[in-house]
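> Just need the structure, nothing else, for what follows:
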Amino acid sequence: MNKRLRTAVSLREETRVEAKKIFDVIFESEGVCVGKLRNEVTNSARAPFQVTRMLATDEGKFQGGEDTAPTPLEYFLTGLVGCLMTQIRVFAKQKKIGMSDLVVTCRAHWEAVSDPGASYAARPAGFEIDIAIQSDAPEDRVRALIDASRRGCFVEATLAQKNDIRHTLRLNQGEAVAV
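As a prediction, the model looks like this:
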């Protein structure tokens with residue numbers, strides 16, 4: 001008997017468990033402006049594999065762009081959904097859980113709020129992720145698969161915790177200073 005499991009998942013901060021490191025994932029990205037609001041971003045994977053790819057971003061006419069490429073938020077959500085789907089399939093194979101179908105849907109909501117120092121400030125309002133799986137596996141095994149996949153998704157893991165993001169500014173080819 002096929003079972004269809006649908007769960008709604010809210011991203012939340014989870015306690016960090018001490019664990020032995022298996023491998024590092026390291027990327028470097030560099031963007032350059034090439035149009036009104038179009039950017040070309042070169043992403044270089046450094047570990048555990050090496051590859052370099054260029055992705056263009058743009059904004060729609062609402063923001064003053066020319067809509068020549070996906071927006072950064074489209075790539076962001078593609079990364080979240082794609083990463084989770086990949087982990088589900090990888091872990092399902094490892095756990096020998098057969099699936100005949102997998103659909104992941106993400107609803108994301110941000111708010112632009114007033115900010116005295118800028119036109120607005122971005123504020124995330126939440127994410128809802130629905131996972132639909134066709135599988136003959138018992139529901140408890142599929143739930144365990146989803147739990148493991150959420151923990152294995154680097155994008156969801158990044159969102160689920162507070163992150164230290166540091167910025168530097170190099171003005172007119174001068175020395176980089178923290179901002």
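
> Please spell out which residues along the longest strand that the chain contains are buried.
When the chain is parsed with DSSP state E, its longest strand is strand 118-135. Neighbour counts using 16 or more other CB atoms under 10 Å place Phe127, Ile129, Ile131, Ile133, Ser135 of strand 118-135 among the buried residues. Quick note: C-beta positions are derived from backbone N, CA and C, even for glycine.

> And for stretch 99-118?
Residues of stretch 99-118 classed as buried by neighbour count (16+ other CB under 10 Å): Met99, Val104, Cys106, Ala108.

> any idea how far Thr78 is from the residue nearest to the last one when sequence neighbours are not counted?
What it means is Ala108. Spatial nearest neighbour of Ala108, excluding adjacent residues (CB to CB, 6 or more residues apart in numbering): Phe127 at 5.1 Å. Distance of Phe127 to Thr78, given as CB to CB, to the nearest Å: 14 Å.

> Can you spell out which residues form a bridge with Ser135?
Lys3 (DSSP bridges).

> Can you spell out which helices and strands pack onto the longest strand of the chain?
Contact partners of strand 118-135 among helices and strands, from 3 or more CB pairs under 8 Å, 6 or more residues apart in numbering; DSSP states H and E: strand 3-10, helix 72-94, strand 101-115, helix 139-152.

> closest to Glu28 out of the ones you listed?
With CB to CB as the measure, helix 72-94 is the member of those nearest Glu28 (16.0 Å).

> Report the residue spans of this protein with pLDDT below the cut-off.
For the chain, the stretches with pLDDT under 70 are 1-17.

> And the closest residue to Thr71 other than its chain neighbours, its phi and psi?
Distances taken as CB to CB, 6+ apart place Glu59 nearest to Thr71, at 5.8 Å, with adjacent residues excluded. Dihedral pair for Glu59: phi -120, psi 160, per degrees, to the nearest 10.

> secondary structure class for Gln161?
coil (DSSP: H, G, I helix; E, B strand; the rest coil).

> residues touching the spatially most central residue of the chain, list them.
By CA atoms, centre = their mean, the chain has its centre lying nearest to Leu80, at 3.3 Å. Taking CB atoms under 8 Å, 6 or more residues apart in numbering, we find Leu80 in contact with Cys106, Phe127, Ile129, Cys153, Val155, Glu156, Leu159.

> from what I can see the third one touches Cys106, true?
Yes: in terms of CB atoms under 8 Å, Ile129 counts as a neighbour of Cys106; the distance is 5.0 Å.

> Please enumerate the shared neighbours of those two.
Leu80, Val81.

> Leaving out sequence neighbours, find the closest residue to Asp24.
For Asp24, ignoring the flanking residues on the chain, the nearest one in space by CB to CB, 6+ apart is Ala47 at 5.0 Å.
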